[in-house]
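J.: What follows is a protein structure lacking sequence information:
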């Protein structure tokens, strides 16, 4: 193409200049490559450093504020000011407690059941859900696992006096959605608020549907509960191993059994934690149950009589039921 | 070996036929999908007809279901493939089927509801004693709810 357009002499010249130009451009390209190499080295180094700091940083479940961290201790003056405010304004601590207990603690135990953290080994409960039950390791699956655990707590919260139970439920749901919203932005890297809103609405319908289905199953029979679990937790998997379904039904019923044996006071103070799915719950004999109730009643009676209870520790909820 | 698997699957089909029908209409039925699955293993005819007792879904109902429930979140094609890889295939051994049959029997006999009995404390919760009764009435289509009772729930919460 070049030859056909130019005469021979000029062609050499042109070719030479072309080659020098080529040489120069090659040099520039080389320099560029070196710069690129350097910059990529720097980026790699930065990434490695970031990874190192990330692996060093232990991710605690649900620590968005310093007050929720285990290491944080309230300064004495703040504590006494708080106690003063509670006693002078006669604040209803059972209402106030709903936030830290249901919104923070109970949500954290529901959340961590199916939580997977990048670069960390799965927790025993998450192992059960993702490895034994072979559930897909997705965000929506995590949500389904969390909803199942929240629903178990809802059944117990309904048995509390209405205004307190309702408040506990509200706090738990509020916290769930505020946490999901943050995680969709941060972990799932969604930058559009509109899309996050759509997801939240979708999660909301899933929550309502799952609670209705589980409630129906809980009240009617194990078969209905198993189908509810199959539709929600297993997403209607056709090739389901029915023994896994039985396992989950047993898991749910055993947790509910423990919840039913707790007094309102203990549950409201956040004394409940889920038993691992790999462990089996044995039913209490009538004697054991009576003894357990007695010891709880004695413990709280003693505390109330001693007069050592701080205004923030007081509660109107029953410890005898 | 094969014949025992078939026998086991037939037993499973018999059990599944006794499995209670779902009270509500769902996009997918546990009883039907499992019946189809085990009928295939047992070498029985799979009837594709919907149960004559159940009314057929109208187009509007299907549209409504699809509108209400969008596709599962974050499930892109590669994720779906991964899920497919993880989900076990149907290759039953005699032992497998025995295990599954006893599990289904346990579920159908209400073993865990009876063993881990929670009592009236949770079935008639103090905060809202009629919660489950009202829910079941509504699911069973007794139509006891009136406009006034609905408004009561909106304003007072129960």
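T.: Sure, I can see it. Owing to the predicted nature of the structure, the values given are computational and were not obtained by experimental measurement.
J.: Low-confidence stretches in the chain?
T.: Since no chain was named, I'll use chain A. A:1-63 (pLDDT under 70).
J.: nope, chain B please
T.: Looking along chain B with the criterion set at pLDDT under 70, you get B:1-2, B:47-57, B:62-90.
J.: ok, now which ones touch residue A:151?
T.: Counting by CB atoms under 8 Å, 6 or more residues apart in numbering or on different chains, residue A:151 touches A:210-211, A:214-215. To be clear about C-beta, it is placed using only N, CA and C from the backbone, and glycine gets the same treatment.
J.: which among those residues gets closest to chain B?
T.: residue A:215 (5.8 Å; CB to the nearest CB).
J.: three-state assignment of that closest one?
T.: Per DSSP: H, G, I helix; E, B strand; the rest coil, the secondary structure class of residue A:215 is helix.
J.: what helix or strand does the closest residue to it other than its chain neighbours sit in?
T.: Across the structure, with CB to CB, 6 or more residues apart in numbering or on different chains as the measure, the residue nearest residue A:215 apart from its sequence neighbours is residue B:135 (5.8 Å). Using DSSP states H and E, the element containing residue B:135 is helix B:131-139.
J.: cool, residue A:173 as well?
T.: When secondary structure is defined by DSSP H and E, residue A:173 falls within helix A:162-186.
J.: Leaving out sequence neighbours, find the closest residue to the residue nearest the centre of chain B.
T.: Ranked by distance to the mean C-alpha position of chain B (CA atoms, centre = their mean), the top residue is residue B:30 at 4.3 Å. Leaving out its chain neighbours, the residue that sits closest to residue B:30 by CB to CB, 6+ apart is residue A:227, at 4.2 Å.
J.: now do residue B:13
T.: With CB to CB, 6+ apart as the criterion, residue B:13 has its nearest non-adjacent residue at 5.0 Å, and that residue is residue B:38.
J.: Surely that neighbour and residue B:9 touch.
T.: Yes. Here residue B:38 reaches residue B:9: they are 4.8 Å apart, a contact under CB atoms under 8 Å.
J.: Contact partners for residue A:238?
T.: Residue A:238 makes contact with B:33, B:37 under the criterion CB under 8 Å, 6+ apart.
J.: Can you tell me the SS state at it?
T.: Secondary structure of residue A:238, reduced to three states by three-state DSSP: coil.
J.: so where do the strands sit in the stretch 1-150 of chain A?
T.: Per DSSP state E, counting those that start in this stretch, the stretch 1-150 of chain A has no strands. Nothing in it meets that criterion.
J.: picking that back up, flag every buried residue along the one helix or strand the residue nearest to residue B:13 maps to.
T.: Per DSSP H and E, residue B:38 falls inside helix B:30-42. By neighbour count with 16 or more other CB atoms under 10 Å in any protein chain shown, helix B:30-42 contains the buried residues B:30-39, B:41-42.
J.: likewise stretch B:100-107?
T.: Neighbour counts using 16+ other CB under 10 Å place B:100-101, B:103-104, B:106-107 of stretch B:100-107 among the buried residues.
J.: Just send those back as a markdown table, with secondary structure and distance to chain A too.
T.: Rendered in a markdown table, the data for those read as follows (DSSP: H, G, I helix; E, B strand; the rest coil; distance: CB to the nearest CB, whole Å):
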| residue | secondary structure | distance to chain A |
| --- | --- | --- |
| B:100 | helix | 4 |
| B:101 | helix | 8 |
| B:103 | helix | 4 |
| B:104 | helix | 5 |
| B:106 | helix | 6 |
| B:107 | helix | 5 |
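J.: if we can go back for a sec, among the buried residues of helix B:30-42, which one lies nearest to residue A:248?
T.: residue B:30 (13.4 Å; CB to CB).
J.: so what's that closest one up against?
T.: Contact criterion CB under 8 Å, 6+ apart gives A:226-227, A:230-231, A:236, B:19, B:22 as the residues in contact with residue B:30.
J.: These: which two are farthest apart?
T.: Of all pairs drawn from those, the widest gap by CB to CB lies between A:236 and B:19 and measures 15.5 Å.
J.: Between the two, which has more neighbouring residues?
T.: residue B:19 (19 against 15; other CB atoms under 10 Å in any protein chain shown).
J.: Find the nearest non-adjacent residue to that one, please.
T.: If you skip the residues right next to it in sequence, residue B:19 has residue B:31 as its closest partner in space, 4.8 Å away by CB to CB, 6+ apart.
J.: so the one you found makes contact with residue B:18?
T.: No. Look at residue B:31 against residue B:18 with CB under 8 Å: they stay out of range, at 9.7 Å.
J.: so how many other residues sit close to residue 97?
T.: Picked chain A for this. Around residue A:97 there are 22 residues (other CB under 10 Å).
J.: Switch to chain B, please.
T.: For residue B:97, the tally of surrounding residues (other CB under 10 Å) stands at 22.
J.: May I ask which helix or strand encompasses the nearest residue to it once chain neighbours are set aside?
T.: Distances taken as CB to CB, 6+ apart place residue B:8 nearest to residue B:97, at 3.5 Å, with adjacent residues excluded. Take DSSP H and E as the rule and residue B:8 turns out to sit in helix B:2-18.
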